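> here you go, sequence then predicted model.
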Amino acid sequence: MSNPNLLVELFVEELPPKALKKLGDAFATVLSDSLKSQGLVTGDAAVTAFATPRRLAVHVTGVAAKAADRALQQKLMPVAVALDVAGQPTPALLKKLAAVGADASVVPQLKRAPDGKAEALFLDTVVAGASLAEGLQKALDEALAKLPIPKVMTYQLADGWSDVKFVRPAHGLVALHGDAVVPLSALGLTAGRTTRGHRFESQVETITLRHADTYEQQLREEGAVIASFERRRAEIVRQLQAQAEPLGLTPIDAPELLDEVCALVELPNVLSCQFEPEFLAVPQECLILTMKANQKYFPLLDGQGKLTHRFLLVSNIHPENAAKVIEGNERVVRPRLADAKFFFDQDRKKPLAERVPGLGKVVYHGKLGSQGERSERVRAIAHGIVNQLRMATLPYTVEAKDEFDVLDSKVQEAARLAKADLLTDMVGEFPELQGIMGGYYARHEGLRDGVAIAIEDHYKPRFAGDALPRNHTGTVVALADKLETLVGLFGIGQLPTGDKDPFALRRHALGVIRILIEKNLPLDLPALIEAARPAFGELIQDPTAALLSFFADRLAVGLRDQGYSAQEVDAVLALSPARLGDVPRRLEAVRAFAALPESASLAAANKRVGNILKKIEGEWPTEVRAELLVEPAEQALAQALATARPQADERFERHDYAGSLKTLAALKAPVDAFFDDVMVNAEDAALRANRQALLKQLHDAMNRVADLSRLAV
């Protein structure tokens, strides 16, 4: 006979919406995993999580009424302690047996087995499988204890004396195994088969669940509740599209808002609303943010991605006439938009340049000074980056020099004004708009071409997948801003630890990496860090080594996430390439080389060469003397290397890394022959040094693009 399915539900007051999905998933996962570990559920059981604003539930298929008994071997103690010289049990053994529920009668059945250096006694027993009532109680207790509750609250039970600590007051507990109630208790509640539906639209006050398998259907039909978080979310998406399409518009893409709204309703009803078009004179980022953050609305965009005066709301009720609901929400949003318009109008009355002195009164970090001091450091670092770009393009014409002078002037202006919008009313109300509002205000003031864009873009990329700065000025200021943060905080020892990164240093490092790689800038990362240090004076210690290691770790993780193998990434990063823009080309070259039939042999040989060279004491010999090449195999290798190396080097200098490695593939046969026929560590010191020098040249030639030994199996 098949095992019935199980349903457990905890009915509570409204749960915190931003945490609901995580709470629902954790409740289902921990409870089902505990049942599996106790043998009450097989590993292939289907687990379905349910989560609404007022309930957490889980449905598990094929749950046994009792787990199977299992054999258990218990270690008791070393034989030397357990038995006396006559082989009789000692008091220590008898005490241990009593502790595990046995007595002296089992001594003849005890097994001896090695345990490390000594021999120990073991007791074979059979442990009775847990009943469902016992196992489920344990699983429920564990699930409640491990819930990722953002903030615990304390409330009193009905007796007026006892109190409970939980995320929200709980009012009902359901536990059904098939159609039978499992006797459970938790949070002062006893399990039954009744629950409640929608707070306003349920057909009945109390829903009596007939079976574990009818839970979702009965809640929908009798209680007006879509219990599944995913199905409810999909229904919201469907209704949003259905409302937007007839208008020729598109709801804003906002997954986090969608999750939050899904956690606020049990039976969604999407309604279309609008506001006065004159508010569209305010930057759309401001309007979108206030509608999303404050009202949980979905703004509608036109075909060009521009905000329109229409928006959608997700209601939790279904009135016959929704006009009052729509009218109420339109009335509520109007003051929010009016506030945004007021902030925007007021902010434009004071130029950004007049706000800059006020940055000196805004604390950035207790050890690194004010935002004003930070802005000056960003300016200095940005000037150094322009100079590095200038030097990377030498020799240059007079026109090119003028271009760099203009770039430096724009960079200095943008860096000086970049943080000024922190003192505006709009950014004070919506910190997420910093940079964006600075760009709007700079354009309003008619600042030079590119400066406004640079001010807006200097925080980019703000998150994974975000766009990079759009122009050269913004690119330089963005690099300078991120380097200032990284060098400064690493310089005072403020490093990320575990999953804690309060200053988003990982994000800043990934931003620098993306800019250097995707813009393919001719800039060396160590030189950038070194050039940033003087801006801090005596405020910091040298962070270079720790920061380069941090960048390498972030780069390695990012490259593996892009699909490169650990071997490919290790091979390239083992050389610590200073110019990150070269890394993708090096990786593709390594991947192409690894596909060649000669690659495995050459990688193994390269590893062998590296091991030989590591054993050389003192300085490595570098000069190969032709008269000391006495064996045909070493002569052939020297000749092949003399032919291949210039070609490989020439292609390397042109950044044709794949071509460079492919050229070296011709060395396979002479390298194999060399190791087959030549004794490197010859007794003659001159011959030994000459062969080591030949291997050193081979090693240098093979490892310019990547450390090929990392490809060896």
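That came through, no problem. Please read all numbers here as calculations on a predicted model, not as lab measurements.
> quickly find the element holding residue 485.
For residue 485, the host element (DSSP states H and E) is helix 472-491.
> so which elements touch that helix?
With contacts taken as 3 or more C-beta pairs under 8 Å, 6 or more residues apart in numbering; DSSP states H and E, helix 472-491 sits against helix 371-392, helix 398-417, helix 451-457, helix 505-518, helix 525-532, helix 544-561. Every residue, glycine included, has its C-beta placed from N, CA and C.
> tell me how many other residues crowd residue 687.
20 (other C-beta atoms under 10 Å).
> hang on, it in a helix?
Yes - using DSSP: H, G, I helix; E, B strand; the rest coil, the secondary structure at residue 687 is a helix.
> these two touch, right, it and residue 627?
No - between residue 687 and residue 627 there is no contact under C-beta atoms under 8 Å: 10.8 Å.
> how about low-confidence regions in the chain?
With pLDDT under 70 as the threshold, the chain has low-confidence stretches at 1, 71, 127, 394-401, 618, 620, 713.
> in it, which residue is most central in space?
Against the mean C-alpha coordinate of the chain, by C-alpha atoms, centre = their mean, the closest residue is residue 464 at 9.0 Å.
> out of the helices and strands packed on helix 472-491, deepest packed?
With neighbours taken as mean count of other C-beta atoms under 10 Å, the helices and strands packed on helix 472-491 reach their highest mean count in helix 451-457, at a mean of 26.
> hang on, the earlier thing: how about the helices and strands packed on helix 472-491 in TSV, adding distance to residue 474?
Output for these, formatted as TSV (distance: least, C-beta to C-beta, whole Å):
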stretch	distance to residue 474
helix 371-392	11
helix 398-417	7
helix 451-457	4
helix 505-518	10
helix 525-532	17
helix 544-561	21
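> residue 430: which of these is closest?
Of all the helices and strands packed on helix 472-491, it is helix 451-457 that lies closest to residue 430, at 14.8 Å by C-beta to C-beta.
> name the residues that touch the closest one?
For helix 451-457, contacts defined as C-beta atoms under 8 Å, 6 or more residues apart in numbering pick out 352, 410-411, 413-414, 417-418, 421, 435-436, 438-440, 442-443, 468-471, 473-474, 476-478.
> buried ones among the residues you listed?
Buried members of the contacts of helix 451-457, counted by 16 or more other C-beta atoms under 10 Å: 352, 410-411, 413-414, 417-418, 421, 435-436, 438-440, 442, 469, 471, 473-474, 476-478.
> just checking, what packs against whichever strand or helix holds residue 344?
Following DSSP H and E, one finds residue 344 within helix 323-347. If you count contacts as 3+ C-beta pairs under 8 Å, 6+ apart, helix 323-347 packs onto strand 269-274, helix 284-295, strand 307-315, helix 425-429, helix 436-444.
> list the helices and strands the last one packs on?
Think helix 436-444. Packed next to helix 436-444, using 3+ C-beta pairs under 8 Å, 6+ apart, are helix 284-295, helix 323-347, helix 352-355, helix 451-457.
> those into CSV, with extra columns for distance to residue 643?
Converted to CSV, the helices and strands packed on helix 436-444 look like this (distance: least, C-beta to C-beta, whole Å):
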stretch, distance to residue 643
helix 284-295, 61
helix 323-347, 69
helix 352-355, 63
helix 451-457, 50
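> quick check: which of those helices is buried the most?
helix 451-457 (a mean of 26).
> quick one: secondary structure of residue 122?
Strictly by three-state DSSP, residue 122 counts as strand.
> show the contacting residues for it.
73, 74, 75, 76, 110, 111, 112, 113.
> got a quick PyMOL command for the buried subset of those residues?
In PyMOL syntax, the buried subset of the contacts of residue 122 is picked out as below (16+ other C-beta under 10 Å):
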select buried, resi 76+110
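> how far does stretch 308-316 sit from the chain's center?
Distance of stretch 308-316 from its chain centroid, counting by C-alpha atoms, centre = their mean, to the nearest Å, is 32 Å.
> may I see the buried residues of that stretch?
Within stretch 308-316, the residues that qualify as buried are 308, 309, 310, 311, 312, 313, 314, 315, 316, counting by 16+ other C-beta under 10 Å.
> in the sheet, who's paired with the fourth one?
Counting by DSSP bridges, residue 311 forms beta bridges with residue 273, residue 299.
> quick one: the helices in the stretch 101-250 of the chain, in order.
132-145, 215-223, 229-244 (DSSP state H, counting those that start in this stretch).
> what's the last one packed up against?
Applying 3+ C-beta pairs under 8 Å, 6+ apart, one finds that helix 229-244 makes contact with helix 20-37, strand 47-52, strand 250-251, helix 255-262, strand 269-274, strand 307-315.
> same check, this time on the second one
In terms of contacts (3+ C-beta pairs under 8 Å, 6+ apart), helix 215-223 is packed against strand 55-60, strand 207-208.
> which residue packs closest to the residue nearest to the centre of the chain, ignoring adjacent ones?
Excluding its sequence neighbours, the residue lying closest to residue 464 (C-beta to C-beta, 6 or more residues apart in numbering) is residue 510, at 7.3 Å.
> hmm, back to that, out of the helices and strands packed on helix 229-244, which one sits most buried?
Each of those was scored by mean neighbour count; the highest is strand 47-52, a mean of 23, by mean count of other C-beta under 10 Å.
> that one pairs with which strands, parallel or anti?
strand 55-60 (antiparallel).
> identify the residues contacting the partner strand?
So strand 55-60 is contacted by 5-12, 15, 23-24, 27-28, 31-32, 35, 41, 45-51, 174, 195, 212-213, 215-216, 227 (C-beta under 8 Å, 6+ apart).
> hmm, back to that, which among the helices and strands packed on helix 323-347 is found nearest to residue 143?
It's strand 307-315; of the helices and strands packed on helix 323-347, that one is closest to residue 143 (C-beta to C-beta) at 29.2 Å.
> C-alpha coordinates for that closest one, PDB please?
Extracted in PDB, the C-alpha atoms of strand 307-315 (Å, rounded to 0.1, in the frame of the first residue of the first chain):
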ATOM      1  CA  LEU A 307       7.500  56.800 -18.500                       C
ATOM      2  CA  THR A 308       3.800  57.500 -19.200                       C
ATOM      3  CA  HIS A 309       1.100  59.000 -16.900                       C
ATOM      4  CA  ARG A 310      -0.400  55.500 -16.400                       C
ATOM      5  CA  PHE A 311       0.400  52.900 -13.800                       C
ATOM      6  CA  LEU A 312      -0.900  49.600 -12.500                       C
ATOM      7  CA  LEU A 313      -1.700  48.600  -8.900                       C
ATOM      8  CA  VAL A 314      -2.200  45.100  -7.500                       C
ATOM      9  CA  SER A 315      -5.200  45.000  -5.200                       C
END
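> ok now that strand, how far from the chain's centre?
Averaged C-alpha coordinates place strand 307-315 at 31 Å from its chain's average position (C-alpha atoms, centre = their mean).
> contacts for that strand, please.
236, 239-240, 243-244, 247, 249, 251, 261, 264-265, 268-277, 279-280, 284, 287-288, 291, 295-302, 322, 325-326, 329, 333.
> ok, now how distant is residue 685 from residue 623?
14 Å (C-beta to C-beta, to the nearest Å).
> ok, residue 498 next?
From residue 498 to residue 623 the distance is 51 Å (C-beta to C-beta).
> for residue 212, same thing?
Residue 212 is 82 Å from residue 623, by C-beta to C-beta.
> returning to what we had before: out of the helices and strands packed on helix 436-444, flag the one nearest residue 165.
Once the helices and strands packed on helix 436-444 are compared by C-beta to C-beta, helix 284-295 is nearest, at 30.3 Å.
> tell me what that closest one is packed against?
Using 3+ C-beta pairs under 8 Å, 6+ apart: helix 284-295 touches strand 298-301, strand 307-315, helix 323-347, helix 436-444.
> counting contacts, what elements does the first one pack onto?
What it means is strand 298-301. strand 250-251, helix 284-295, strand 307-315.
> the shortest one pairs with which strands, and in what direction?
Pointing back at strand 250-251 there. strand 298-301 (antiparallel).
> show residues contacting the strand it pairs with.
Contacts for strand 298-301 (C-beta under 8 Å, 6+ apart): 240, 244, 247, 249-252, 254, 257, 287-288, 291-292, 307-308, 310-314.
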